[in-house]
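Visitor: next comes the sequence, and after it the predicted model I'd like to discuss.
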Amino acid sequence: MFDAIVIGAGPAGANAAILLSENGLKTALIDEQRDAGGQVWRAKSESILEASITDAGEQGDALRDRLKSSNVITKFNCRVWHIERLENGHWLLSVVGGVEKKLITKALIIATGAQERVIPVPGWTLPGVFGLAGATAIFKEHMMAPKRRTIVAGNGPLLFYVASETLSLGGRVSAVISINSRTDWLKSLPAMLSNPSLIWQGLKWIFTLNKNRIPIYWQHAVKSVEGENMVDGVTICKVDQNWAPVEGTDQYIHGENLCYGQGLMPAVEATHLAGADHHYDEKLGGWVPTIDQWGRTSVAGLYACGDNAGIYGALAAPIRGSLAAQAVCEDAGINIDRKAEIKKLKVAIKFGLAATALTIPRSGLEALITGETEVCRCEGITRQEIDFEIKTGAQSPNAIKSGTRCGMGPCGGRYCMDSVALITQHRTKKSREEIGLPTARPPLRPVTIDDISDDLDYDDLPIPGVSPL
Amino acid sequence: MTGGGNNHILRSKEISFIFDGANVTAHEGETVAAALLRAGITHLRNAPNSGTPRGMFCIMGACQECVIEIDGRKAEACRTTISEGLVIGRVPGV
């Protein structure tokens, strides 16, 4: 039994866990990766013995060091697949990959971070297509980039980081395809100036691209990815103000890899499964748990911090972790005063909000999802099938799920449900809030029967004797 | 995959493992996904319904596209660390 469990060991969750244990709470920190840092401060692979120091690496190492010298009980390579609230208000977590299969805690902090929004287009399932965030995972963990040509496409600041990092790791970049226009970027600059060092970093990325003469296609989108068993190139087109494709503007760009993503969304499946109220806020990246300024959700004993509670980015995450830890302490009758952090948070979120604003989906985006596009990668459900469900009466993700199996595969709907909602919004003219989220169901991640069944000895089964005839 | 461009990187010793019957070289301690990517192997399986070719996609344990088979069990290539002589198979597809 723990006083507090934190799910997610990124900058928000790990920081919360450290503070909680410093305040005398018996705290466990769970993460499915093999070390703390989350995606943004992802730990280097053990295969890297020596490497030049990076900013993110330094911050991540500092966090990992603090964690090691704390009393936090860490559980890495460990996944929570179910969350249940017990009658006494405690939380029962079902876990795989650890020693125990069940964990109980008084307070539960969810810090599961973000997931990537990827707009499906024909060919997006081809080997060689990676999420933009996925590419950063390879860079940070393994310090390598694909050797063959990489096309980088999508929106937001990640585009330029991925392109520039590919080059500095010795890869080649064919082109950068930005759905944002130059004007979008200019508009976001004033808010981004709240963090001059990040602006400076961004300029360095652009400088690297210019120096290497990498073409940047502003206000363009990937229309389709071509190739037989791997990527051969992409067809791009110009988009209008609403991001709808403009006819007759197609161009073909060669490349064997495509790093592709349209921004980050809060990963809310855990808070949703735990029963917290959620609402849709496009400025925060999509669906978010409804929280107070400390991170208390609508359910007693359940807290949320970090990008899963709204995409504010890495700067704000540790502060949000502190605030959530303070709320847990306060609710447990311990006083720690970190009110000063609220002021810091107000500054820190400016950059994150400006970056998220660049990624808010616009109304034309759904037109990129053609009829034959596999929207649900796992089950192979096309847009046509989804359109048909809506035409014949489906109005919600749940209805589309049960009608088509869309979202019922191993990824748990993570990579299709947002697109399904975009399509539904376009067809029904309902708001995202009205369309809603699909019902949250365990398992949060795929598990094997072995993982979830208790140890069983057949001899212990109470089998009654044969009844006499 | 390329070594590291402008960055100075020292990697662990090379080991080998088997993927779908073929010998692949990796660095000790890296993930199956990284080693396959370095070897230029991106097509890992075919989707069970549509039969379309698939490879690693999210690289953070969410999408399940990079599942492979080790000792008859499914595992995500992006979350599996390589060890010397590891035998990895493809998940049966269409």
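Guide: In hand now; what should we look at?
Visitor: for residue 57, what are its contacts?
Guide: Using chain A here. A:41, A:44, A:51, A:140 (CB atoms under 8 Å, 6 or more residues apart in numbering or on different chains). (Each C-beta comes from the backbone N, C-alpha and C, glycine too.)
Visitor: wrong one, I was asking about chain B
Guide: A:129-131, A:134, A:377, A:415, B:63, B:65-66.
Visitor: list the buried ones in the helix or strand that contains residue A:60?
Guide: Using DSSP states H and E, residue A:60 falls within helix A:55-68. With burial defined by 16 or more other CB atoms under 10 Å in any protein chain shown, the residues of helix A:55-68 counted as buried are A:56-57, A:59-60, A:63-64, A:67.
Visitor: which helix or strand lies directly C-terminal to that helix?
Guide: Assigned by DSSP H and E, the successor of helix A:55-68 is strand A:73-75.
Visitor: that next one - contacts with which helices or strands?
Guide: strand A:27-30 (3 or more CB pairs under 8 Å, 6 or more residues apart in numbering or on different chains; DSSP states H and E).
Visitor: the strand it packs on: partners in the sheet, and parallel or antiparallel?
Guide: Counting by DSSP bridges, the strands paired with strand A:27-30 are strand A:2-7 (parallel), strand A:73-75 (parallel).
Visitor: average pLDDT for the first one?
Guide: Okay, so that is strand A:2-7. Across strand A:2-7, the average pLDDT comes to 98.
Visitor: quick one: the helices in the chain?
Guide: No chain in the question, so chain A it is. All helices of chain A, identified by DSSP state H, fall at A:11-22, A:55-68, A:132-142, A:158-168, A:182-192, A:196-211, A:269-273, A:317-331, A:340-357, A:383-391, A:397-404, A:417-428, A:432-435, A:449-452.
Visitor: if you could check chain B rather than the one you did, that'd help
Guide: Taking DSSP H as the criterion, chain B carries its helices at B:32-38.
Visitor: circling back to that earlier point, can you tell which of the helices of chain A is closest to residue A:97?
Guide: helix A:449-452 (8.1 Å; CB to CB).
Visitor: okay, now the nearest residue to residue A:198 once chain neighbours are set aside: neighbour count?
Guide: Among residues not flanking residue A:198 along the chain, residue A:351 sits closest, at 5.9 Å (CB to CB, 6 or more residues apart in numbering or on different chains). Neighbour count for residue A:351, taken as other CB atoms under 10 Å in any protein chain shown: 24.
Visitor: what residues does residue A:351 make contact with?
Guide: A:191-192, A:194-195, A:198, A:313, A:315.
Visitor: return the member of those residues nearest to residue A:469.
Guide: Distance to residue A:469 across the contacts of residue A:351 (CB to CB) is lowest for residue A:313, with 73.1 Å.
Visitor: can you give me phi and psi for that closest one?
Guide: phi 90, psi 180 (degrees, to the nearest 10).
Visitor: how long is stretch A:380-400 end to end?
Guide: 14 Å (CA to CA, to the nearest Å).
Visitor: does residue A:275 touch residue A:84 like I think?
Guide: No: the pair residue A:275 / residue A:84 is not scored as a contact, 9.3 Å apart, by CB atoms under 8 Å.
Visitor: surely residue A:273 touches residue A:85?
Guide: No: shown here, residue A:273 and residue A:85 do not form a contact pair, counting by CB under 8 Å, at 10.3 Å.
Visitor: more neighbours: which of those two?
Guide: residue A:273 (20 against 16).
Visitor: now the more buried one: how far from residue A:27?
Guide: 21 Å (CB to CB, to the nearest Å).
Visitor: show me what stretch A:333-350 is in contact with.
Guide: A:19, A:23-25, A:191-192, A:194-195, A:293, A:312-313, A:315-316, A:319-320, A:322-323, A:325-326, A:329-330.
Visitor: buried subset of those?
Guide: A:19, A:23, A:25, A:191-192, A:194-195, A:312-313, A:315-316, A:319-320, A:322-323, A:325-326, A:329.
Visitor: give the bridge partners for residue A:94, please.
Guide: Under the criterion used (DSSP bridges), residue A:94 bridges to residue A:82, residue A:102.
Visitor: that one reaches residue A:104, doesn't it?
Guide: No: between residue A:94 and residue A:104 no contact is recorded; they are 10.9 Å apart, counting by CB under 8 Å.
Visitor: returning to what we had before: can you check which of the helices of chain A gets nearest to residue A:34?
Guide: Using CB to CB, those put helix A:132-142 closest to residue A:34, at 9.5 Å.
Visitor: please list all residues in contact with the most centrally placed residue in chain A.
Guide: Residue closest to the average C-alpha location in chain A (CA atoms, centre = their mean): residue A:115, at 1.5 Å. Counting by CB under 8 Å, 6+ apart, residue A:115 touches A:264-267, A:414, B:62.
Visitor: leaving out chain neighbours, which residue sits closest to it?
Guide: residue A:267 (4.5 Å).
Visitor: and if you look at residue A:85?
Guide: residue A:91 (6.0 Å).
Visitor: quick one: that neighbour and residue A:109 touch, right?
Guide: No: between residue A:91 and residue A:109 there is no contact under CB under 8 Å: 10.3 Å.
Visitor: neighbour count winner among those two?
Guide: More crowded of residue A:91 and residue A:109, by other CB under 10 Å: residue A:109, with 30 against 21.
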